[in-house]
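In: Any chance you can model this:
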Amino acid sequence: MAEAAISHDSIKTNGLRFEVTMAGTGDTLALLLHGFPECAYSWRYQIPLLARLGYRVWAPNLRGYGKTDRPEGISEYAIDKLEQDVADLIDAACAKSVLLCGHDWGGWIAWHFAMHRLRPIERLIVMNVPHPACFHQRARTLRQLRKSWYIALFQIPHLPELLLSRHNCELVARAFTRMAVDKSRFPDHVLQVFRANACEPGALTAMVNYYRAAGRSALARRQRGFPRVDVPTLMIWGEQDTALGKELTYGTDQYVRDLAVRYLPDVSHWVQQEAPEKVNDILEAWLEDARTPNAGQLA
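Out: As a prediction, this is how the structure comes out:
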């Protein structure tokens, strides 16, 4: 079967205009949400797979990233705004059903969207970001605080942007090469995509504002509670994640009715980029309701 052509389009929603990478056709939308400091390009290995499996795939640059609109102000990056972006993209796609998939910040948004059910989704896939309840329970351990030091740094006005922008966003590139186990997956031409994305005027402030808005609303989120996720959910986790400990995944089954967890022992936080063959095998098996490759089970 010929590989589906990949295209790029600008999608106007009720709120913003999104730059979207697209492939495939069909009534089921696979909506892929990237993390920090990434962009839609981080899904380059999964887009063809999902299109081949019959999905209409949309991988947007999230608000503030790339050529997507960049509203000003920290409050514009609060989780409720990010959830609404997902709802607006689903509405724009006019899909009959939705597979929602997120990594890192995209996974954080996907968890909240699935909990609060702004629109129906058929299945949920989350990569290397814990369920919000598990994160709030365990985030204040000394081990995790050491891993999350950058979140405190990001609360400081202007300084993170200054540091990240130096030398053509060199620290953005280093985030991948320093954290990756298999550094060959991040050659210069790949890193240049992420550097160029971050170097767009105003992009770094928007990207860091996700963390600033999250810091300001943490208490409100806990008070809002954590409604049970009722759709079948797959969590894929690279165990060599230097930002988020594996222990943050424990107990996820208390908040998800139908959960499958697959650990990849020698893979970093950048799981779908660093181990695309293993990740794609897991995705295909789970989506086809076949036996998932033996990549580790929930402890």
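In: those strands in the stretch 101-250 of the chain, which residues are they?
Out: Secondary structure of the stretch 101-250 of the chain (DSSP state E, counting those that start in this stretch): strands located at 123-127, 233-240.
In: okay, and for the protein, where does confidence drop off?
Out: Scanning the chain for pLDDT under 70 picks out the ranges 1-2, 217-223, 290-299.
In: JSON lines for the strands of the stretch 101-250 of the chain, including distance to Asn280?
Out: (C-beta placed from N, C-alpha, C; glycine too.) JSON lines is the format used below for the strands of the stretch 101-250 of the chain (distance: least, CB to CB, whole Å):
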{"stretch": "strand 123-127", "distance to Asn280": "12"}
{"stretch": "strand 233-240", "distance to Asn280": "10"}
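In: Pick the most buried one from the ones you listed.
Out: Neighbour counts (mean count of other CB atoms under 10 Å) averaged over each of the strands of the stretch 101-250 of the chain peak at strand 123-127, with a mean of 26.
In: can you list contacts of that one?
Out: Here strand 123-127 makes contact (CB atoms under 8 Å, 6 or more residues apart in numbering) with 99-104, 107, 110-111, 114, 229, 231-238, 271-272, 279, 283, 286-287.
In: nearest to Asp88, of the strands of the stretch 101-250 of the chain?
Out: Nearest to Asp88 among the strands of the stretch 101-250 of the chain is strand 123-127 (18.4 Å), distances taken as CB to CB.
In: Could you figure out how far the closest one is turned away from strand 233-240?
Out: 10 degrees (axes from the mean of the first three to the mean of the last three CA atoms, to 10 degrees).
In: List the neighbouring strands of strand 123-127 plus their orientation.
Out: Here strand 123-127 has these sheet partners by DSSP bridges: strand 97-103 (parallel), strand 233-240 (parallel).
In: partners of the longest strand seen in the chain in the sheet?
Out: Looking across the chain with DSSP state E, the single longest strand is strand 259-268. Applying DSSP bridges to the sheet, strand 259-268 is found paired with strand 233-240 (parallel).
In: Alpha carbons only: can I get the partner strand in CSV?
Out: C-alpha atoms of strand 233-240 as CSV (Å, rounded to 0.1, in the frame of the first residue of the first chain):
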residue,chain,number,x,y,z
THR,A,233,-6.4,4.5,27.3
LEU,A,234,-2.8,3.5,26.4
MET,A,235,0.2,5.0,28.2
ILE,A,236,3.6,4.6,26.7
TRP,A,237,6.6,5.5,28.9
GLY,A,238,10.3,5.7,28.1
GLU,A,239,11.8,4.8,31.4
GLN,A,240,15.0,6.8,31.0
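In: which residues sit against it?
Out: 114, 123-128, 181, 246, 249, 252, 256, 258-272, 274-275, 279, 282-283, 286, 296.
In: Phi first, then psi, for the spatially closest residue to Trp108 that is not a sequence neighbour.
Out: Nearest non-adjacent residue to Trp108, counting by CB to CB, 6 or more residues apart in numbering: Val129, 5.2 Å away. Here is the backbone geometry of Val129 (degrees, to the nearest 10): phi -150, psi 130.
In: okay but Val129 is in contact with His112, surely?
Out: No - using CB atoms under 8 Å as the test, Val129 is too far from His112 to be in contact (10.9 Å).
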